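Visitor: need a structure here:
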Amino acid sequence: MRLFVAVNPDEHFSKQLATQLDAWRQQLRVAWSRPQAWHFTLMFLGEWPAERIPALREALLTEAAAHTRFTVTCGEVGAFPNLRAPRVLFLHAESGGRLEALADGVCQRVAATWPEGPQDRKGFRAHLTFARIKRPLPRAQRGLVAQIQFAPWQPFTVEVLRLVSSELRPDGARHVDIARLPLA
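Guide: Next up, the predicted model:
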C-alpha cells in the first residue's frame with residue numbers, strides 16, 4: 001500500500017485558498033490540485049505491506065499524543081525547483097518549528113518501526129502544493145507564476161495526524177485515510 005503521513009489545513013483555509021486561486025486559474029495553464037487533496041506531507045512512506053500497518057499506526061498514535069495542537073500560517077508562493085522553471089507550485093508554511101518537530105518525530109517512529117523500509121529519507125520542507133506543471137510553461141506564463149500573490153492568510157490549527165493511502169490514477173491521486181490520530 002502506497003502511504004504517506006500528513007496534516008491538513010482546516011476547511012476555512014481551504015475555502016480561502018480556493019477563492020484566491022480562482023483569479024489565477026484563468027491565466028495559468030497548470031494542473032491545479034483539488035482542495036480535498038491539499039495537505040502538508042510530513043513523510044512519504046512508499047509501499048508498505050498490510051501486515052506492517054498496525055505497528056506503524058501504533059507508532060504514529062504515540063507520536064501524535066506527544067504533540068499538542070498548534071497553529072500554522074501560510075506565506076509566500078514557492079516553486080520546485082524554482083520560480084524560473086517551476087514544476088510544482090506551493091505555499092510556504094510557518095509554525096514556529098512545530099510542523100518540523102512533528103515531521104522529525106514521525107521520521108523517527110517510522111524508522112524504528114521498519115528501519116529498512118522504503119520511506120523517503122529526504123529532509124522535511126513545510127509546504128502545501130497547489131499546482132503541478134507537467135510541461136515547461138511559455139515565457140509569458142513563467143512571468144505570471146512569479147507574480148502570484150495572495151491576501152494574508154488566517155492561521156489554522158493542526159489537530160490531527162493522518163496516515164494516508166495514495167492510489168495513483170490518470171485523473172490524479174486518490175487519498176484515503178488509514179488512520180486519523182489526534183494530537184494531545
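Visitor: so how far is the longest strand along the chain from its chain's centroid?
Guide: If each strand of the chain is counted by residues according to DSSP state E, the longest one is strand 70-80. Here the centre of strand 70-80 is set off from its chain's centre by 11 Å, with C-alpha atoms, centre = their mean, to the nearest Å.
Visitor: List the buried residues in the very next helix or strand once past it.
Guide: On the C-terminal side of strand 70-80, the nearest following helix or strand under DSSP states H and E is strand 88-94. Of the residues in strand 88-94, 88-91, 93 count as buried by neighbour count, 16 or more other C-beta atoms under 10 Å. Placement of C-beta: from N, CA and C, glycine included.
Visitor: and if you look at stretch 128-145?
Guide: Going by neighbour count (16+ other C-beta under 10 Å), the buried part of stretch 128-145 is 128-133, 137, 142, 145.
Visitor: Pick out whichever of those sits closest to Q20.
Guide: When those are compared for distance to Q20, the smallest value, 9.7 Å, is given by F130; criterion: C-beta to C-beta.
Visitor: Please name the nearest non-neighbouring residue to the closest one.
Guide: Spatial nearest neighbour of F130, chain neighbours left out: S33 (5.2 Å); criterion: C-beta to C-beta, 6 or more residues apart in numbering.
Visitor: So which helix or strand of the chain has the lowest pLDDT on average?
Guide: Scoring the helices and strands of the chain by mean pLDDT, DSSP states H and E places helix 139-147 at the bottom, with a mean of 85.
Visitor: What helices and strands are in contact with that helix?
Guide: Helix 139-147 sits against no helix or strand, with contacts defined as 3 or more C-beta pairs under 8 Å, 6 or more residues apart in numbering; DSSP states H and E.
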